[in-house]
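>>> Build me a structure from this.
(one chain, ligands or ions: 1)
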Amino acid sequence: MPSPHQRATRREGRIGDGVLSRMTKAGNARGCESRAHNMRDLAFSCPRPEPSKPPEYALDAVPLGGHTELNARKRRLRDDLETVMEQTDQGASSPGGRIMVYVRMRPMSRSEKDAGARCCVRVVNKQDVYLAEFASETDYLRLKRLKGRHFVFDAAFPDAAGQEEVYNVSTADIVEGVLQGRNGTVFCYGATGAGKTYTMLGSTQNPGVMVLALKDLFAKLRQQSREGDYVVHLSYLEVYNETVRDLLSPGRPLVLREDSKQGTVAAGLTHYRAYSADEVMALLHQGNQNRTTEPTRANETSSRSHAILQVTVEYKVQRDSHYLRRTGKLSLIDLAGSERALATDQRTIRSLEGANINRSLLALSSCINSLVEGKRHIPFRNSKLTQLLKDSLGGACQTAMIANISPSNLSFGETQNTLHWADRAKQIRTKITDVNEEVQVPESDSEQAKLLLEVQKENQQLRMQIARLQQKLLSIESSAIMAARQSPAAAAINTPLCWTPASDTKAIKHDECRAVEESLRKRIRVLEKEKESACQEMAVREEELTSIISSLQRGHSSQIRNKDDFNRMLYGLKPKAQADEQENGNNAFVKRSAFERQESSRSAHTAAAGSARRMTLGGPLLSNSYLSNAKSNQAGVKRPAAPSTPASTVKTRRSRILEAEENRQPQMPQVQRQNSGRNSKIPIPPSASTLPAPKTPTGISKEALKKRTFWDITNANSPSAPIGRCTRSNSAATPSMLLQVSTSAII
Ligand SMILES: Nc1ncnc2c1ncn2[C@@H]1O[C@H](COP(=O)(O)OP(=O)(O)OP(=O)(O)O)[C@@H](O)[C@H]1O
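Residues are numbered from 1 along each chain as shown. Below is the predicted model of the structure:
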C-alpha cells in the first residue's frame, strides 16, 4: 500500500502529466507563444538553463520552417520535460527536498454546535481538502465546482483521525531521520482553537505527537544501540511577547545567538539529559505547567506563546566491523494561534499577546513567501519565532508542517487563511540534509584495555599535578597573608587564619597584597623625602665647614704674622749680653713656633678630615661644641677647651706658649697691650721710632746686634736644622723667610 507521501508524489506527477498533455495538445496550433507560456509555468519548479548555453528547445533557436524538424524538436522537448518531471518527483520524495505539509481537521466543538455552525470543510481521499461555505457532505458535484477552494496536501486528516495515525504519517519518518543523524522539525500551524496543542501534546488518554515521538525515539534507540551508548538531551522553551523563556527552569529571558555549528541557539537554555521516555514525559509535563496559557473566548486553554521542544540524540551503532556515531536533532513546535482582535474578550494583556502572536506569524508568512519566490534574502530576523525556525525552513532539515483547521463555517476565514499558507509552504524547498555521522575505528578488547590503562595513567598524573598546584597555591597564599600581616597597612585587615571558600580567600589575599604594596609605596616615599632633606642639610653643613676652615686658616696666618712681628721686635730690642741666651731662647721659640704651627695645621687638617669623613659617611655632622669652639677660636674668645678635641689641645698649648712669652716680656709697654685688639695675648710690635732704645745687659749696641744675622743666631746654638727646606745662602735668612717657609709647609 503506498504511503501518503508517495501518494502525494503521484498526485503531483498527475498534475505534471496534465501540464505535459496540455503542452502536447497545444502543439503547432497555439504556436510559439503558447509554448513559451507553458515553459514559463514549468520553469517555476525546474532548474533554469544557463544563459551562456541556451538549450536546444529555447524558443529563439526554433526555426520557423520545416514541419519534420519541428516535430523532432517537439519530441525532444517532451523527453526533456519528462526527465525534469521525474527529477522533480524524486526531489519531492527525497528527505529534506521540500517541506511536507499535512492538514488536520478537528471535530466540531460543543460550543460551535450550540452556535448552529455548519461544516464548511470536506476531506476526501486523505489528501484533498475542499472548502465551501455551505458544503453538504453528499454534494460532491457542487464541491468540485468550487474553484480555488480545493487543496491537495501530502496528507489530510479528517476529524475522525486519531493521534497515532497523525504521528505515523507526519512524524515517524522524521524521527527515523533523526536516528540516522539528520535534523527534523514538526510544527503545528493554524488559528486559535484549531487543535494545534491537541495535536502536539494531546491528553493523557490520547497523547500527541511530542509524546509519541519521544516514546518512539527511545524505543528505536534501544533497538539500534546498546544501553549506555546513547545520550538524549532535552530543552523546552517558549516565545512569549517576543521574549524567549526557558520552560524547564524558568528565569530571566534568554538571548538568541547565531552559532556556526548549531544554528540559532538560546544562550543559557537548560539542556536536561533524559534516560527514559517516562523521564521525558515528566519534564514535558513540568514545562507545560510553566507555559503561558490563558482562557479566551475562542479557546478555554489558549496557548499565548510558541513552544519549542528540542531533543538532541547522540548515539553509537555498530555496523559490521566498525562503529558509527550519529547526532540528530528533533524540534517539535506548537505555535500560538493566529486570531482576530475581536475574537478575544479581554482588551489589555490578551490583545497585546494576540498582536505579538499575529506579528510573529506574519513574519513566518513573509519568510515562507520569500522562500517560495526564491529570494536571496529571507527575513528570518523579523521575529524570534522565525529566527528559531530558520534551520527548519531554510536549512538542512526534514520539516513537516501540520496545518490545523476547524470545520466550522464560523471560522471560514481563518481556515481559508491557514489552507492558503499551508499550500504556499508546500513549495518551500529545504537543503538536502547531510547525515551527521562519524565512522569510528573498531576497538578490540586488548586495545580497549590498553586505552583504559593509558587513561588511568593520565588520570594519575593529572591528580598529582593538581595536588602539586594546590600545594603551591597554598604556600603562595600563606606567604601573601604573612606579608600582609607584617605590613603596617595590613594591621587593620587582621584576617583570621581559618578556612574560607576559595573565592573569599582569593579576594582576601588580593586585598592583603594591595595593602602591603600600598604600605611599601608609602615607606619608599618617606625614605625618598628623608634622603632629599639629608642631602640639603649636608650641603649646608659643607658650606659652613668650608667657611670655618677658611676663617681658621686666615686666623692662623694672622697669628703667625703677629708672632713674626713680635720676634722681629724682640730681636731688635734685646742687648747683646742676652743675645746668646736670646738665641737659645729664640731657637726654642722658633722650635716652639714651628711646633705650634705644626700642631695647628695638624688640628686644622684633623678637623677638616673629620668633617669630611663624617660627611662621607653620612652620619651626624660636626658636633655643636666643636663648631662653637672653632667659631670662638676664630673670634679670639677663649673658651674652656674639651680635652678630646685637637683644636682645644692646640689652643691650650698655644695659650701656654703665649703666656710664657708674655711673662718673658715684662718691659712691653702697656699701651701696646691695650691696643693689641682681639689677640690680646699677642703683642703687636711698635714702630722703632716710638719705642725707647732698650738697654742690653751685655752692653752690645743696637747696630752691632743688628749686624748679626738670624742664621748666625740659629746656627750658633742650635744643632737642629730650621723648619722648612731652608739652605744657607749668601743672603742672610731672616725670621720672615723662616715664616714663609713654615707657612708654605703648613699650606
Ligand atoms: N482532533 C481533536 N479531537 C478531539 N478534540 C480536539 C481535537 N483537536 C482539538 N480538540 C479540542 O479542541 C479544543 C481546542 O484545541 P487546542 O487547545 O489544541 O487548540 P489550539 O489550536 O492549540 O488553540 P490555541 O492556539 O488557542 O492554543 C480543545 O478542547 C481540544 O481538546
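
>>> Mind telling me which residue of the stretch 301-450 of the chain is nearest the ligand?
Nearest to the ligand in the stretch 301-450 of the chain, going by Cβ to the nearest ligand atom, is G337, at a distance of 2.7 Å. (C-beta placed from N, C-alpha, C; glycine too.)

>>> Enumerate the residues of the stretch 1-150 of the chain near the ligand.
Within the stretch 1-150 of the chain, the residues that sit near the ligand (Cβ under 6 Å from any ligand atom) are R106, P107, S109.

>>> which SS state does the second one fall under?
On the three-state scheme (DSSP: H, G, I helix; E, B strand; the rest coil), P107 is labelled coil.

>>> Next, count neighbours for I308.
Other residues near I308 number 25, with proximity taken as other Cβ atoms under 10 Å.

>>> what are the phi and psi angles of it?
phi -130, psi 120 (degrees, to the nearest 10).

>>> And the protein, split by domain according to the record?
Here the domain assignment for the chain is 4-88, 96-106+164-408+418-439, 443-486, 536-746, based on automatic domain parsing.

>>> Point me to the residue of the stretch 151-300 of the chain nearest the ligand.
Counting by Cβ to the nearest ligand atom, the stretch 151-300 of the chain gets nearest the ligand through G195, at 2.8 Å.

>>> What's the local residue count around the closest residue to that residue other than its chain neighbours?
Excluding the flanking residues, the one nearest G195 by Cβ to Cβ, 6 or more residues apart in numbering is R106, at 3.6 Å. Around R106 there are 21 other residues, counting by other Cβ under 10 Å.

>>> now V313
For V313, using other Cβ under 10 Å, the count is 22.

>>> Could you say which helix or strand holds the nearest residue to it once chain neighbours are set aside?
Distances taken as Cβ to Cβ, 6+ apart place G328 nearest to V313, at 5.1 Å, with adjacent residues excluded. Element membership of G328, judged by DSSP states H and E, is strand 322-334.

>>> what about S351, distance to A194?
Between S351 and A194 the computed distance is 20 Å (Cβ to Cβ, to the nearest Å).

>>> Settle it for me: which of these two has more neighbours?
With neighbours defined as other Cβ under 10 Å, S351 and A194 compare such that A194 has more, 28 against 15.

>>> how about that one, secondary structure?
Per three-state DSSP, A194 ends up coil.

>>> Ok, L284 next?
Looking at L284 with three-state DSSP, the answer is helix.

>>> can you tell me which residues contact the nearest residue to it once chain neighbours are set aside?
Excluding its sequence neighbours, the residue lying closest to L284 (Cβ to Cβ, 6+ apart) is M210, at 6.4 Å. For M210, the contact set (Cβ atoms under 8 Å, 6 or more residues apart in numbering) comprises M200, L201, L284, L309, L332, D334.

>>> Residues of the protein that sit close to the ligand?
Counting by Cβ under 6 Å from any ligand atom, the chain comes close to the ligand at 106-107, 109, 190, 192-198, 299, 301-303, 336-337, 404.

>>> quick one on the thing from earlier: just the element for the residue nearest to L284, please.
helix 209-224.

>>> now the angle from that helix to strand 322-334?
Inter-element angle recorded for helix 209-224 and strand 322-334: 170 degrees (by axes from the mean of the first three to the mean of the last three Cα atoms, to 10 degrees).

>>> Check which residues of helix 209-224 are buried.
Neighbour counts over helix 209-224 (16 or more other Cβ atoms under 10 Å) mark 209-218, 220-221, 224 as buried.

>>> And for stretch 154-170?
Here stretch 154-170 shows D154, A155, A156, F157, P158, D159, A161, Q163, V166, Y167, V169, S170 as buried, counting by 16+ other Cβ under 10 Å.
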